[in-house]
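>>> Give me coordinates for this.
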Amino acid sequence: MIDLSILSKITVGVFLLVAGGWIKQFFERRVRLLVFFGQIGEFHLNLQPPGIIRTHAMVIHNTGRAAAQNVHVPHTVLLNANNIHVSVHPPVAHTVQTLPNNTEEILFPTLPAKFQVTLSYLYFPPFLFNQINAQIYSDDGNARVITVLPQMQLPKWILVVLWALIGIGVIIVCYGLWVLTRWVA
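Next up, the predicted model:
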C-alpha cells in the first residue's frame, strides 16, 4: 500500500528543491562570461603571387544578469605589427592597449548583461588561430571557453514533458528508498 502522506512530503520536497534552484538562478545578479570560436577558415588565393589568408571569429557572451566590467581580450602578439586585423561587431566602445610584455589587448570597459560581441580576425601565415588569443578575463574573473556543437533544438513542449518525467522519476526513487529503509528497519 502506498503511503500518500510520505509521497506528498517527498513530492513537495523535490518541488521546493527545484523551485529554489530556479529562483536563485533567476534573481542572482552576477557576471557569466562565455567565449567560443565561431568559424575558423583559410583561403588559398589564385593570384600572382599566390597567397593564403586565414580568419577566425571569437564570440564573447555575457550570459549573466550583471554587466561585466573591464573585459580584457589579450593577444600573444602585437596585432598591427604582425598584419593581424580585428573587426568588432556590433560596434561597442573599446580600446586597444599595448602591454609591457610587448603584446596587445582589447579592453571593453563594460559588456552589458545578456550581451554578446563578436571579434573577427583576418591574418596571414605563419600565424594560426590558436597562436593569437590568450585567456580572456574581467574584473569578475576568467571567461569560460566552451566548445559549441551544432545541434537541433527540441520544441519547448518536449522539454517540459521530459523534465516532468525526470521529476516523477526522482519522486518514485525517493519514495522507493523510503519504503526500502522502512522495510529493512
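>>> can you pull the contacts of V35?
If you count contacts by Cβ atoms under 8 Å, 6 or more residues apart in numbering, V35 has them with M58, V59, I60, H61, I136, A143, R144, V145, I146. For the C-beta atoms, the positions are set from N, CA and C on the backbone; glycine is no exception.
>>> Please read the previous query as pertaining to I23.
By Cβ under 8 Å, 6+ apart, the contact set of I23 is empty.
>>> next one: the one 4 residues further on
With contacts defined as Cβ under 8 Å, 6+ apart, F27 is in contact with no residue.
>>> Pull out the buried positions in stretch 105-125.
Neighbour counts over stretch 105-125 (16 or more other Cβ atoms under 10 Å) mark E105, I106, L107, F108, L111, F115, Q116, V117, L119, S120, Y121, Y123 as buried.
>>> need those in CSV with distance to L33 and pLDDT, can you?
Output for the buried residues of stretch 105-125, formatted as CSV (distance: Cβ to Cβ, whole Å; pLDDT from 0 to 100):
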residue, distance to L33, pLDDT
E105, 15, 95
I106, 14, 96
L107, 14, 96
F108, 10, 96
L111, 8, 94
F115, 11, 94
Q116, 10, 94
V117, 11, 96
L119, 13, 96
S120, 19, 95
Y121, 19, 95
Y123, 24, 93
